[in-house]
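Chemist: no sequence on this one, just coordinates:
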């Protein structure tokens, strides 16, 4: 008589083969096959998801799994960001023999049904660390010395993958190896809150700057436009309504955006004509530059963009300026277009720090 060990593995996705009985297991063999198997009294017929194997030496669950070629559905440990497999067997699958909890060493007998409860995947733990933040090497080379900033990072304990990073403090710079020049420019104003604060800081530190005014804002706040002009700051045409698709506009609309804005600013600030033109978003084209030059406006770009408009945090604004700034750099900041509290806070620290380092401010040439 041939003993039959039925091993049923859930979660494997295999379909029962021909001759499968109820529940996907094969029925006991008969006829010539049974006669042949009976010559091997120590052998067991094992059925796993429709696959029948006749083998000897099956005494426990581990033997059954080995003979059946089953891979236990253990839960994996995954990395926190990329979800890489760090440990394929972090949470072992549960084993059941006839519905009762078992282990690999549990003995098996004819007719037993072995099932598995898949292990649950998990994600590695994270830790919080503070790490130094260095200046870009090219920026650091400009100074005799500088002090690194500090950043707080959340990273995977095992993988080291970074989940997040928050800049706690920006680097601070010492003296320049050689004195250098820079220019400050402010876009999208005037704004009734930020513009007076920016002008007060510039005046306190005797710093010249260029204000790139939007025409509709200048007409809405003519007093601020006049204050900028009377304060000795240079005016810049930043179009009438700030269309980011300026190069795509028909020529007549392109001309109107620049010419109308220049007239708006002149009207608002008491007749002081703009000196420069800056395309919204830095979106230049041959036509845009040609129209600006036809109105005797100097095209004005930038070399330092801390993206202060996105409100990345005061420390990040300062860090971006220090990392990007090179001799004769043109710094782009914003005194309009939204809440500029972070910009004002960054400027409060940048103006004295840069001056002490040996930077001199001038108008863009």
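Modeler: On my side now, so go ahead. The structure presented is a predicted model; accordingly, all values stated were derived computationally and were not measured.
Chemist: switch to C-alpha atoms for all contacts and neighbour counts from now on
Modeler: Will do.
Chemist: Could you list the low-pLDDT ranges of this structure?
Modeler: Low-confidence regions of the chain, defined by pLDDT under 70, span residues 1-55, 261-262, 265-266, 269.
Chemist: Show me the beta-bridge partners of the residue positioned nearest the centre of it.
Modeler: By C-alpha atoms, centre = their mean, the chain has its centre lying nearest to residue 164, at 8.4 Å. Beta-bridge pairing of residue 164, defined through DSSP bridges, involves residue 154.
Chemist: dump the residue contacts of it.
Modeler: 153, 154, 155 (C-alpha atoms under 8 Å, 6 or more residues apart in numbering).
Chemist: The last one contacts residue 163, correct?
Modeler: In this case it means residue 155. Yes. With contact defined as C-alpha atoms under 8 Å, residue 155 counts as touching residue 163 (5.3 Å).
Chemist: could you pull out the strands for the stretch 251-365 of the chain?
Modeler: Assigned by DSSP state E, counting those that start in this stretch, the strands in the stretch 251-365 of the chain fall at 276-277, 298-299, 329-334, 359-361.
Chemist: With respect to residue 86, which of those lies nearest?
Modeler: strand 329-334 (44.5 Å; C-alpha to C-alpha).
Chemist: quick revisit: list just the nearest of the contacts of residue 164 to residue 353.
Modeler: For these, the nearest to residue 353 is residue 153 (26.5 Å; C-alpha to C-alpha).
Chemist: ok, that closest one - how many residues close by?
Modeler: A count of nearby residues for residue 153, using other C-alpha atoms under 10 Å, gives 18.
Chemist: just residue 189 next, same as before
Modeler: With other C-alpha under 10 Å as criterion, residue 189 counts 25.
Chemist: so it makes contact with residue 212?
Modeler: Yes. The pair residue 189 / residue 212 is scored as a contact, 7.0 Å apart, by C-alpha under 8 Å.
Chemist: The residue nearest to the centre of the chain and residue 307, how far apart?
Modeler: 19 Å (C-alpha to C-alpha, to the nearest Å).
Chemist: can you pull out the helices in the protein?
Modeler: For the chain, the helices defined by DSSP state H cover 32-37, 61-68, 137-140, 194-204, 215-220, 222-230, 251-268, 286-294, 314-324, 341-357.
Chemist: could I get these as CSV with mean neighbour count and distance to residue 75?
Modeler: Below are these laid out as CSV (neighbours: other C-alpha atoms under 10 Å; distance: least, C-alpha to C-alpha, whole Å):
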stretch, mean neighbour count, distance to residue 75
helix 32-37, 13, 38
helix 61-68, 18, 17
helix 137-140, 14, 44
helix 194-204, 17, 55
helix 215-220, 22, 60
helix 222-230, 20, 65
helix 251-268, 20, 62
helix 286-294, 16, 60
helix 314-324, 21, 40
helix 341-357, 18, 46
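Chemist: Can you tell me what sits against stretch 137-156?
Modeler: In contact with stretch 137-156 (C-alpha under 8 Å, 6+ apart) are residues 79-80, 124-135, 161-178, 322-326.
Chemist: Mark which of these are buried, thanks.
Modeler: If you count burial by 16 or more other C-alpha atoms under 10 Å, the buried members of the contacts of stretch 137-156 come out as 79-80, 124, 126, 132-135, 161-162, 167-176, 322-326.
Chemist: So which of those residues sit within strands?
Modeler: 126, 132, 133, 162, 167, 168, 169, 172, 173 (DSSP state E).
Chemist: Make JSON lines out of the residues you listed and add distance to residue 143.
Modeler: Formatted as JSON lines, those follow (distance: C-alpha to C-alpha, whole Å):
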{"residue": "126", "distance to residue 143": "37"}
{"residue": "132", "distance to residue 143": "18"}
{"residue": "133", "distance to residue 143": "16"}
{"residue": "162", "distance to residue 143": "30"}
{"residue": "167", "distance to residue 143": "22"}
{"residue": "168", "distance to residue 143": "22"}
{"residue": "169", "distance to residue 143": "19"}
{"residue": "172", "distance to residue 143": "10"}
{"residue": "173", "distance to residue 143": "7"}
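Chemist: Among the residues you listed, which one sits closest to residue 337?
Modeler: Nearest to residue 337 among those is residue 167, at 24.3 Å by C-alpha to C-alpha.
Chemist: wait, residue 341 sits on residue 195?
Modeler: No. Using C-alpha under 8 Å, residue 341 is not in contact with residue 195, being 10.9 Å away.
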